[in-house]
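generate coordinates for the sequence data below:
(one chain, ligands or ions: 1)
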Amino acid sequence: MDILNLTAVSLGEKIKAKEVSVKEATKACLGQIEKQDKTLNSFITVEPEKALEQAEKVQQKIDAGELTGPLAGVPVAVKDNMLVKGGLTTCASHILDHFHPAFSSTAVEKLQAAGAVILGKTNMDEFAMGSTTETSYFGPTRNPWNTEHVPGGSSGGSCAAVASGEAIYALGSDTGGSIRQPSSFCGVTGIKPTYGTVSRYGLVAYGSSLDQIGPIAKDVRDCATVLETIAGYDPKDSTSVKRDDYGFTKALTGSAKGLRIGIPEEYFGEGLDPEVKKSILDAAEALKAQGAEVSYFHLPLVEYAIPAYYIIACAEASSNLERFDGVKYGYRTKEYEGLHNMYKKTRSEGFGAEVKRRIILGSFVLSSGYYDAYYLKALRVKALIKKAFDEAFEKYDVILAPASPTTAPKLGESLSDPIQMYLGDIYTISVNLCGLPGITVPCGMDSKGLPIGVQFIGNVFREDHILQAGYAYEQTRTMEICPLCR
Ligand code: GLN
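Residues are numbered from 1 along each chain as shown. Predicted structure coming up:
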């Protein structure tokens, strides 16, 4: 049996039925990591012994009937900005490259309680700042479909790991698209939940008002199942929300009948690759054939989303990253004269170029004299964008959009021009600014053999709508299998 091609839910079923042992499943992933990761570099840390030890413990609990959930025994990879006690958490940064957290993030604890076997920590853009996983201190991750191309970012390691079978599913984080965009580039499924649904406790903060943890997996059912496991109110996160219902898998009806789907005209103009456009519109047609009501509408202010996002995200980042000062966490410069010189040298040596660029931009927009002109204005724009989405959701259950204007670019192409890279976030960042849920589902391949993903966006707390749409759409096609898993 080919374990690597199984979804998390089907592997969980086979483990329960004793057709596969937890150790076999874990070994299969570790073997694939051994084989592929010298090239892919999806992982920053892999801990085979620990994983096998966990596998044994989980197996005992399954055998004793103490673990009965759908994910018991299924191996998972965790993005390296989530704390996992007992190992390293680096955020792909030199400044944290020896950092051992004293506790685990809530999302990870919930997975562990459900019997997940953690394989290791995945590569990412440094502090989740980027769209290609090239700003990592540990070198770039490569796209499993074509290793000359990037996997997207910032959760590129998690998405590459799932696409290549190095992990059965993974956790990512999404501040402006970092789950949905690399999912699109790697041909996997990823959901960014409504802000406040998954606890941010133990997630290293980038833009606190935007960050959300979410699952990355092979299909929509896996994503719904993992989300059901990690979601929940957490008193340790003051932005956590108490929701009435966490039964996300209930939404997987298999039908799109009656779903009102809106397509924003503004998302299909200049800058969108024609092959991507065709695939996305084909997905809309497929849903129409399934009984969804599909129509176009105008979504104003789209062009202001990127500047507003980069001002708000950088402002929050500059404040959040103040804590890395050589005293409290991680790296400290070797030689220095006095406290200020220590701060300066530690941060100069510890942070990479993209992180520094954002700290400088963020400090600038928050400084007196510029605060009103930039930061406050960005907050006003955000409020107007939210209003535009509120109006759209009066008419529609789901907004259908691309996840990215192009398929995965080649390695090296984006680094020289950060503005160009920022523009690639056009379809994902509004979702974070407005706290909405969004899911990317594979919808085809371009002529270069690179995956394309379609994004479904829902109103706050309406994951059910996007899961229903995503699942119904998924039933209309056969998924391509990544060459490394064949
Ligand atoms: N590309 C966006 C950024 O660099 C989004 C990153 C993310 O979601 N973490 O900020």
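
and the nearest residue to Tyr304 once chain neighbours are set aside, what's its pLDDT?
Nearest residue to Tyr304 in three dimensions, chain neighbours excluded: Val381, at 4.9 Å (C-beta to C-beta, 6 or more residues apart in numbering). For every residue, glycine as well, the C-beta is placed using N, CA and C. If you check Val381, the pLDDT there is 98.

please tell me how far the closest residue to Gly232 other than its chain neighbours sits from Asp397.
Of all residues not flanking Gly232 in the chain, Tyr246 sits nearest, at 6.4 Å (C-beta to C-beta, 6+ apart). According to C-beta to C-beta, to the nearest Å, Tyr246 stands 20 Å off from Asp397.

and Leu376, by the same measure?
From Leu376 to Asp397 the distance is 33 Å (C-beta to C-beta).

which residues of the protein lie near the ligand?
Within the chain, the residues that sit near the ligand (C-beta under 6 Å from any ligand atom) are 128-131, 154, 174-178, 206, 313, 425.

looking at these, which is nearest Arg357?
Met129 (8.5 Å; C-beta to C-beta).

that closest one against Ser173, yeah?
No: under the criterion of C-beta atoms under 8 Å, Met129 is not in contact with Ser173, lying 11.7 Å apart.

who has more neighbours, the two?
Taking neighbours as other C-beta atoms under 10 Å, Met129 and Ser173 compare with Met129 leading, 30 against 27.

pLDDT value on the more buried one, please?
Reported pLDDT for Met129: 98.

got the contact list for it?
Met129 is in contact with Thr135, Ser154, Tyr206, Ala317, Glu354, Val355, Arg358, counting by C-beta atoms under 8 Å, 6 or more residues apart in numbering.

among these, who's most crowded?
Counting neighbours by other C-beta under 10 Å, Ser154 comes out on top of those with 35 neighbours.

wait, it sits on Asn123?
No: assessed by C-beta under 8 Å, Ser154 is found out of contact with Asn123, at 9.4 Å.

now do the shared contacts for those two.
Contacts common to Ser154 and Asn123, judged by C-beta under 8 Å, 6+ apart, are Thr133.

Gly12 in helix, strand or coil?
When classified by DSSP: H, G, I helix; E, B strand; the rest coil, Gly12 comes out as helix.

how near is the closest residue to it other than its chain neighbours to Ala55?
Nearest residue to Gly12 in three dimensions, chain neighbours excluded: Pro70, at 4.6 Å (C-beta to C-beta, 6+ apart). Relative to Ala55, Pro70 is positioned 17 Å away (C-beta to C-beta).

re the thing from before, which of the contacts of Met129 fall in helices?
Counting by DSSP state H, the part of the contacts of Met129 found in helices is Ala317, Glu354, Val355, Arg358.

let's have the residues you listed in TSV, adding pLDDT.
As requested, the ones in helices among the contacts of Met129 are exported to TSV (pLDDT from 0 to 100):
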residue	pLDDT
Ala317	98
Glu354	97
Val355	98
Arg358	97
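
and those, which two are furthest apart?
Most distant of the ones in helices among the contacts of Met129, by C-beta to C-beta, are Ala317 and Glu354, 10.5 Å apart.

pick the one among the contacts of Met129 closest to Ser105.
Tyr206 (14.1 Å).

show the subsequent helix or strand relative to the strand or helix carrying Lys23.
Element membership of Lys23 [criterion: DSSP states H and E] is helix 22-40. For helix 22-40, the succeeding helix or strand toward the C-terminus, using DSSP H and E, is strand 43-46.

list the contacts of that next one.
30, 33, 37, 77, 80, 87-88, 90, 92, 119-123, 136, 138, 157, 161, 166.
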